[in-house]
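K.L.:
need coordinates for the following:
(one chain, ligands or ions: 2)
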Amino acid sequence: MTCTGIFIAGTDTGVGKSHVSSHLLRAASRRGLRVAGLKPVAAGTTFVDGRWQNDDVEALVAASHPPLDRARACPYLLAEPASPHIAAAMAGVVIETPVVTAAYGALAAERDWIVVEGSGGWSAPISTRQTMADIAVALGLPVLLVVGLRLGCLNHAMLTAAAVRASGLRLAGWIANEIDPAMPHKGANIAWLDQALGNLGVPRWGHLPWAGDGIDPTDSRARTAEESHAATCEALDMETLLSASRAPQALAKPIGIKPK
Ligand SMILES: Nc1ncnc2c1ncn2[C@@H]1O[C@H](COP(=O)(O)OP(=O)(O)OP(=O)(O)O)[C@@H](O)[C@H]1O
Ligand SMILES: [Mg+2]
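P.N.:
Numbers count the residues shown, from 1 in each chain. Ligands and ions are numbered 1, 2, ... in the order given. Down below sits the predicted model:
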């Protein structure tokens, strides 16, 4: 099978890109695919078991199969928990897109499917001149938008959709992710996005429920994590998602929201 991949963008930082990426990798791995996660830039490390590590990279590595060396999952592991451009400057590092595409290429040579997790939101800066969008464009992958359900997410979702399409990449689908169990009108928010993004030819591939505090796929409480994963998989349209990853890059419809 030729390797394909998907770029995971979010409406903001902390909206569930890692949560979704881990579940996608595990779900694809269960289907017999050789999968790997790639975090091009990870900002913020802690010293654990004698080495510096980043939670997002750990989660992607844990969900990759066959096992993946940490260094291969993240070409830019930066200490400072800040915007990538600040963390890079503090480390004296210049983030270069060819380094990221080379890391992707090395993984693609031996895996069937790669999940690339962006940092922050679509336009998060990686230098004075470039943003995460430049990394996504360099990779040329279809984009999956994770919408973290909270007040303001409709605006953030539509702005991100416009920016992705303006970059020339295909916004292939979106996932609604419950990050605030107390949010009112979740259904009405999802319904509005179903129509607005649907009008742009962007389907929803899932609605991930609130999994509970402290529950994630890397949790050592295996049964609970397993249950969480099973519930999440039921809420994901993996067949469509994997086949959309393989479809050629092309904009489906011009940008703009038209009432039905
Ligand atoms: N559906 C969910 N149910 C419960 N908790 C969730 C859910 N989605 C995300 N979370 C939690 O919300 C927090 C932020 O999620 P996550 O780290 O996946 O966001 P992110 O978009 O990857 O953030 P970053 O920009 O830092 O990479 C985490 O503690 C995560 O476990
Ligand atoms: Mg993350």
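K.L.:
the residue of the stretch 1-150 of the chain found nearest ligand 2: neighbour count?
P.N.:
Closest to ligand 2 within the stretch 1-150 of the chain is residue 18: 3.3 Å, counting by CB to the ion. From N, CA and C alone the C-beta is placed, and that goes for glycine too. Residue 18: 25 surrounding residues under other CB atoms under 10 Å.
K.L.:
next: residue 31.
P.N.:
Residue 31 - counted by other CB under 10 Å - has 12 other residues nearby.
K.L.:
on that earlier part again, am I right that the residue of the stretch 1-150 of the chain closest to ligand 2 sits in a helix?
P.N.:
Yes - assigned with DSSP: H, G, I helix; E, B strand; the rest coil, residue 18 falls within a helix.
K.L.:
show me what contacts it?
P.N.:
55, 56, 59, 60, 117 (CB atoms under 8 Å, 6 or more residues apart in numbering).
K.L.:
among the residues you listed, which are located in strands?
P.N.:
residue 117 (DSSP state E).
K.L.:
and the furthest pair within the contacts of residue 18?
P.N.:
Spatial extent of these (CB to CB) is set by the pair 55 and 117 at 11.4 Å.
K.L.:
of those two, which one has the most company?
P.N.:
Neighbours were counted for residue 55 and for residue 117 using other CB under 10 Å; residue 117 has more, 28 against 15.
K.L.:
quick one: name the residues of the stretch 1-150 of the chain near ligand 1.
P.N.:
10, 13, 14, 15, 16, 17, 18, 19, 56, 120 (CB under 6 Å from any ligand atom).
K.L.:
can you do 5 Å?
P.N.:
10, 13, 14, 15, 16, 17, 18, 19 (CB under 5 Å from any ligand atom).
K.L.:
surely the fifth one and residue 146 touch.
P.N.:
Put plainly, it is residue 16. Yes - Residue 16 is in contact with residue 146 according to CB atoms under 8 Å; the separation is 5.3 Å.
K.L.:
intersection of neighbour lists for those two?
P.N.:
With CB under 8 Å, 6+ apart, residue 16 and residue 146 have common neighbours 10, 177.
K.L.:
compare those two (neighbour count), which wins?
P.N.:
residue 146 (27 against 24).
K.L.:
check the burial of residue 136 by counting its neighbours.
P.N.:
Using other CB under 10 Å: residue 136 sits among 24 other residues.
K.L.:
tell me which element it is part of?
P.N.:
helix 132-139 (DSSP states H and E).
K.L.:
which ones are touching residue 53?
P.N.:
45, 46, 47, 70 are the contacts of residue 53 under CB under 8 Å, 6+ apart.
K.L.:
ditto for residue 131
P.N.:
If you count contacts by CB under 8 Å, 6+ apart, then residue 131 has 122, 123, 124, 125 around it.
K.L.:
show me how to select, in ChimeraX, the buried members of those residues.
P.N.:
Remark: buried members of these, expressed as a ChimeraX selection using 16 or more other CB atoms under 10 Å:
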select :122,124,125
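K.L.:
between the contacts of residue 131, which is nearest residue 163?
P.N.:
Closest to residue 163, out of all of those and judged by CB to CB, is residue 122, at 5.1 Å.
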